[in-house]
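K.L.:
requesting a structural model of the entry that follows:
(2 chains)
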Amino acid sequence: RKEVEQDPGPFNVPEGATVAFNCTYSNSASQSFFWYRQDCRKEPKLLMSVYSSGNEDGRFTAQLNRASQYISLLIRDSKLSDSATYLCVVPRRSSASKIIFGSGTRLSIRP
Amino acid sequence: EPEVTQTPSHQVTQMGQEVILRCVPISNHLYFYWYRQILGQKVEFLVSFYNNEISEKSEIFDDQFSVERPDGSNFTLKIRSTKLEDSAMYFCASSLGLGAGELFFGEGSRLTVL
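P.N.:
The predicted model follows:
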């Protein structure tokens, strides 16, 4: 199993819809989880951190399921500007500064 | 808002030439990173740097690559003899602490090797 796995998508949803995608991780000892957003040809930017069961920030909700070893990102009332690639990061505890990004899930919001 | 700055934004070089990419991390951050992203592919970890030495490196970061922090502000990535497959976007990032996945990225330096 890969360290961090994401469905590459693309997810193509209409504006206003709710969309969710998951990131599975292999290291059960992981304690912190992050979602980044990357616009086309731009740098990744931190979207949300998840340290316990979940986190909510406006239209965005991140949930952690430790038993099944995945985190999810839910976007409600999606906007055209939400179109981007969403990257999952699960830092290792054993080599904490080797921070690996998932390959990302592409989201496209259509008018 | 403090930010990570990278120069140059785009560099074109001939195969076999040396390239130095420069980064100024956020001033109170302690950990520095280089990542690369080949067009259409994932963001790949190259190296992390702390306390003036390499903390971790990936298998991509071979002897052709080196990093240094020559003057306490700049953080550089050197590629000694560029290959065609080194063409990519190179992102510098910094973070405040260890183990934090909260990285702040620069806008990247696009390297094109001809």
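
K.L.:
each with direction, which strands does whatever helix or strand A:Arg37 lives in pair with?
P.N.:
Under the criterion of DSSP states H and E, A:Arg37 resides in strand A:33-38. Counting by DSSP bridges, the strands paired with strand A:33-38 are strand A:44-50 (antiparallel), strand A:84-89 (antiparallel).

K.L.:
residue boundaries of the strands in chain A?
P.N.:
A:4-6, A:11-14, A:19-25, A:33-38, A:44-50, A:54-57, A:60-65, A:70-75, A:84-89, A:105-110 (DSSP state E).

K.L.:
an error on my part: the question was meant for chain B.
P.N.:
Using DSSP E, strands in chain B cover B:5-7, B:10-13, B:19-24, B:31-37, B:44-50, B:53-57, B:65-68, B:75-79, B:88-95, B:104-105, B:109-113.

K.L.:
tell me which of those lies nearest to A:Arg110.
P.N.:
Shortest distance between A:Arg110 and these, using Cβ to Cβ, is found for strand B:31-37: 25.7 Å. From N, CA and C alone the C-beta is placed, and that goes for glycine too.

K.L.:
can you list contacts of that closest one?
P.N.:
A:97, A:99, A:101, B:21, B:23, B:25, B:43-50, B:55, B:60, B:67, B:69, B:75, B:77, B:88-98, B:103, B:105, B:108 (Cβ atoms under 8 Å, 6 or more residues apart in numbering or on different chains).

K.L.:
so, low pLDDT: which residues of chain A?
P.N.:
Along chain A, segments meeting pLDDT under 70 span A:1, A:93-96.

K.L.:
show me which residues of it sit near chain B.
P.N.:
Residues of chain A lying near chain B by Cβ under 8 Å from any Cβ of the partner chain: A:32-34, A:38, A:41-46, A:49, A:87, A:89-91, A:93, A:95-104.

K.L.:
now with 7 Å?
P.N.:
Neighbours of chain B within chain A, by Cβ under 7 Å from any Cβ of the partner chain: A:32, A:34, A:43-44, A:46, A:49, A:87, A:89, A:91, A:95-101, A:103-104.

K.L.:
which ChimeraX command selects the buried ones in those residues?
P.N.:
A single ChimeraX command selects the buried members of the residues of chain A next to chain B (16 or more other Cβ atoms under 10 Å in any protein chain shown):
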select /A:32,34,43,44,46,49,87,89,91,96,97,98,99,100,101,103,104
